[in-house]
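>>> sharing a model prediction with you, sequence too.
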Amino acid sequence: MKSFYWLVKREFWEHKGGFVTAPIVAGIVALVLNVMLLITAEVLGRRWAGVGKGDSFHTNFDRAFDADNLVQAGAVLDMTLYGVTFLILGVMAIVVFFYCLGALYDDRRDRSILFWKSLPLSDTNTVLSKAASAVIVAPAIAVVTGVVAGLLLMIVVSIFATFHGVPAWRLLMEAHPFQVVFTLLLLLPLYALWALPTLGWLMLCSAWARSKPFLWAIALPVGAGIVVSWFGLMGLFNRGSSWFWTNVVGRVLGGLVPGGWVGQTTSPLVLPGHDDPAAVLQSLNLAYHYSALANPSTWIGAVAGVAMIAAAIWFRRWRDDS
Amino acid sequence: MTAVVTANGLTKRFKNQVALDGATFQIESGRIVGLIGPNGAGKTTALKAILGLTTFDGHLSVLGLDPRKDRDKLMEQVCFIADVAVLPRWLKVRDAVDFVANTHPRFDRAKCDAFLARTKLQPGQKVKQLSKGMIVQLHLALVMSIDAKLLVLDEPTLGLDILYRKQFYQSLLEDYFDEEKTILITTHQVEEIEHILTDLMFIRDGKIVLDTDMDSLGERFAEVLVSSELAAAARELKPLDERQVFGKSIFLFDNVSRPQLESLGEVRRPSIGDLFVATMKGTYA
């Protein structure tokens, strides 16, 4: 257990830039862009104030300044928090994608694997520590960063709201930051489960490829998809090739996309019009997210992912090319 | 003395070549063994087999364990420096010590700090900022602080300048080696390790062609400086090798009685280098 902790720490040392710096930079960029957008909205809103009805420049932020409907205003703030976190998770997903491809390959290439293998560390622990770094440590850091950036943005929006006659604290009271953070944290296990097939596939390629794991990881599933589509054109499969692209290629390459399970669950997602943010948030509650567990695809993918991680451990033990 | 490594019919085949061809040998504890062979003779494959890094056929027992099955357990007692400079470039000196201290049950941190204090290494430095010699110093400090029963060194000083090379072997002898420990070294720089070895093995085409301790080496092999008039007589004793220096011939003999040789000329102990060249004649032909 102590070794495992230090193995994860080792991954953190090596990938501090990707795991910590990248989300922080993404958070700062999101903050700056949103503040710029708010200022633009203020300036344009004032310039056109006399013309038309004042809603010629419409952003969702308008709703945050709607003193008549503070419920919606609070929902917009909640969405801001979700949105910023989602953006940072997206950045993290890209980082983790390449992290997985390099995790069991880079040290074979620079031969530092010979140093790690000179220590009494089991290959199982080594591979699992890298898997845990990818789908537990990195997303957790991203969520924390996202929440901090999101909260800062909430405060900025509230300050702007005071210009529109809505007291900042009044607006903030309508938001549900704790509930949002709670939901995000509870979604982390689902994220890890959903990401397993991609995690397993990328790590398998990383452990197995003698060179260019990226090309193998992309070319094999996409190539298979093209072959299936080609047969599909001739009507040989009744499943249809779009099924293969979504459920095999999509799961194997796209599992790290945050919220990838949304729209794939058995209970259809009914989104109300975008003019009702509170209702949108309501329809995307935890119960909806976790209904993904009723989808066999989630579990089949997870089993396949675990099998591929097991294969990666085997290759880590026996691949002999250093 | 107990055997640390016992190999019997060790064989490893790659697609189109045989790296190990039934190699059989035994390494006793408390020895410093040199495994010497030309390029491609199977040295590294043999070491990899001992370290459980590769599959093989035949019987191999290291500290009573099968390196294929019990690698994790084995690595608590065995340590190795494979080639130079395999420390990851992003690793900091401080983190390297922390990591090994917390993952290796037989690591002595105080010892490591003492070794590092003798070098110019700074705790905050990353491996990529270090010279090759300093990387080896760090690696050696880590490895020497591990109380391992068997230490395997594969070309540990390749590409280092002579100061670092001397210091490397000196540290090993003075600060690390004792009767409880065993060291297995491969290198091409034979003359450097000649005086520290207790045992010598030559490997050629995947087979052990010479396996002897240094004391019996001096008894078994002899180099004789023979003047030209006695050269014909010397040739009749079937020398392993003959070369000419300053109009005299130097013959290398295996298992010829000492008085007989002394009648031919001045007898001395051959260097490992000369013995190696004589034994490996025709390897690349």
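All right, it came through fine.

>>> next up, the contacts around residue A:181.
A:81, A:147 (C-beta atoms under 8 Å, 6 or more residues apart in numbering or on different chains). Heads up, the C-betas are built off the backbone N, CA and C, glycines and all.

>>> go on, the one 5 residues further on?
The contact partners of residue A:186, by C-beta under 8 Å, 6+ apart, come to residue A:286.

>>> wait, residue B:86 touches residue A:116, no?
No: counting by C-beta atoms under 8 Å, residue B:86 does not reach residue A:116; the two are 9.2 Å apart.

>>> tell me how many other residues crowd residue 152.
Since no chain was named, I'll use chain A. 17 (other C-beta atoms under 10 Å in any protein chain shown).

>>> sorry, I should have been clearer: chain B.
27.

>>> excluding sequence neighbours, find me the nearest residue to it.
residue B:80 (4.0 Å; C-beta to C-beta, 6 or more residues apart in numbering or on different chains).

>>> how near is that neighbour to residue A:284?
Residue B:80 sits 54 Å away from residue A:284, going by C-beta to C-beta, to the nearest Å.

>>> what about the two, which has more around it?
residue B:80 (24 against 17).

>>> after the helix or strand where that one lies, which helix or strand is next?
In this structure, residue B:80 sits in strand B:78-82 according to DSSP states H and E. Later in the chain than strand B:78-82, the nearest helix or strand by DSSP H and E is helix B:93-103.

>>> as PDB, could you dump the C-alpha coordinates of the helix or strand following that next one?
Scanning forward in sequence from helix B:93-103 by DSSP H and E, the next helix or strand is helix B:109-117. The C-alpha trace of helix B:109-117 is given here as PDB (Å, rounded to 0.1, in the frame of the first residue of the first chain):
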ATOM      1  CA  ARG B 109      18.900   6.400   3.900                       C
ATOM      2  CA  ALA B 110      21.700   7.600   6.200                       C
ATOM      3  CA  LYS B 111      24.200   5.700   4.100                       C
ATOM      4  CA  CYS B 112      22.800   7.200   0.900                       C
ATOM      5  CA  ASP B 113      23.000  10.800   2.300                       C
ATOM      6  CA  ALA B 114      26.600  10.100   3.300                       C
ATOM      7  CA  PHE B 115      27.500   9.000  -0.200                       C
ATOM      8  CA  LEU B 116      25.700  11.900  -1.800                       C
ATOM      9  CA  ALA B 117      27.500  14.300   0.600                       C
END
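
>>> okay, buried residues for helix B:109-117 please.
For helix B:109-117, a neighbour-count test (16 or more other C-beta atoms under 10 Å in any protein chain shown) marks B:111, B:112, B:115, B:116 as buried.

>>> likewise stretch B:239-257?
Applying 16+ other C-beta under 10 Å to stretch B:239-257 flags B:239, B:240, B:241, B:248, B:249, B:250, B:251, B:252, B:253, B:254, B:256 as buried.

>>> nearest residue to residue B:45 in space, ignoring adjacent ones along the chain?
That would be residue B:19: by C-beta to C-beta, 6+ apart, it lies 4.1 Å from residue B:45.

>>> what's the helix or strand for the closest residue to residue A:255 other than its chain neighbours?
Distances taken as C-beta to C-beta, 6+ apart put residue A:198 closest to residue A:255, at 3.1 Å, once the chain neighbours are dropped. For residue A:198, the host element (DSSP H and E) is helix A:177-208.

>>> which SSE is immediately downstream of that helix?
helix A:213-233.

>>> for that following helix, which positions count as buried?
Buried, per 16+ other C-beta under 10 Å, within helix A:213-233: A:213, A:214, A:216, A:217, A:221, A:225, A:228, A:232.

>>> now those residues in CSV, with distance to residue B:186 and pLDDT?
Listed next are those as CSV, based on distance: C-beta to C-beta, whole Å; pLDDT from 0 to 100:
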residue, distance to residue B:186, pLDDT
A:213, 31, 96
A:214, 35, 96
A:216, 34, 96
A:217, 37, 97
A:221, 43, 95
A:225, 49, 91
A:228, 51, 86
A:232, 57, 76
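
>>> ok, so of the residues you listed, who is nearest residue B:216?
For the buried residues of helix A:213-233, the residue nearest residue B:216 by C-beta to C-beta is residue A:213; the value is 51.4 Å.

>>> that closest one contacts residue A:103, correct?
No: look at residue A:213 against residue A:103 with C-beta under 8 Å: they stay out of range, at 9.5 Å.

>>> thought the residue nearest to residue B:152 was touching residue B:51?
Yes: proximity of residue B:80 to residue B:51 meets the contact threshold set by C-beta under 8 Å, at 5.7 Å.

>>> so what sits against both of these two?
The contact lists of residue B:80 and residue B:51 share A:118, B:152, where a contact means C-beta under 8 Å, 6+ apart.

>>> the residue positioned nearest the centre of chain A: what secondary structure?
Compute the mean C-alpha point of chain A, and by C-alpha atoms, centre = their mean the closest residue is residue A:258, 2.7 Å away. Three-state assignment for residue A:258 (DSSP: H, G, I helix; E, B strand; the rest coil): coil.

>>> and the stretch 51-200 of chain B, which residues reach chain A?
Residues of the stretch 51-200 of chain B lying close to chain A (C-beta under 8 Å from any C-beta of the partner chain) are B:51, B:53-55, B:71-73, B:75-76, B:79-83, B:86-92, B:95, B:98-100, B:102-105, B:139, B:143.

>>> ok, 6 Å please
By C-beta under 6 Å from any C-beta of the partner chain, the part of the stretch 51-200 of chain B that sits against chain A consists of B:54, B:72, B:75-76, B:79-80, B:82, B:86-88, B:90, B:95, B:99, B:102-104.

>>> got the phi/psi numbers for residue B:157?
When quoted as degrees, to the nearest 10, the phi and psi of residue B:157 stand at phi -120, psi 20.

>>> returning to that earlier point: adding distance to residue B:212, write the buried residues of helix A:213-233 out as a markdown table.
A markdown table is the format used below for the buried residues of helix A:213-233 (distance: C-beta to C-beta, whole Å):
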| residue | distance to residue B:212 |
| --- | --- |
| A:213 | 47 |
| A:214 | 51 |
| A:216 | 49 |
| A:217 | 52 |
| A:221 | 57 |
| A:225 | 63 |
| A:228 | 64 |
| A:232 | 70 |
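
>>> go through these and name the one nearest residue B:280.
Distances from residue B:280 to the buried residues of helix A:213-233, taken by C-beta to C-beta, are shortest for residue A:213, at 39.9 Å.

>>> does that closest one touch residue A:102 like I think?
No: in this structure residue A:213 lies outside contact range of residue A:102 using C-beta atoms under 6 Å: 7.6 Å.

>>> you'd agree the residue nearest to residue A:255 is up against residue A:260?
No: taking contacts as C-beta under 6 Å, residue A:198 lies outside contact range of residue A:260: 8.9 Å.

>>> neighbour count for these two, which is higher?
residue A:198 (28 against 18).

>>> gap between that one and chain B?
Separation of residue A:198 from chain B (C-beta to the nearest C-beta, to the nearest Å): 25 Å.

>>> ok, residue A:166 next?
49 Å.

>>> ditto for residue A:158
Relative to chain B, and taking C-beta to the nearest C-beta, residue A:158 is found at 42 Å.

>>> bridging residues for residue B:59?
residue B:8 (DSSP bridges).

>>> report pLDDT for it.
pLDDT, residue B:59: 95.

>>> that one and residue B:8 touch, don't they?
Yes: Residue B:59 is in contact with residue B:8 according to C-beta under 6 Å; the separation is 4.1 Å.
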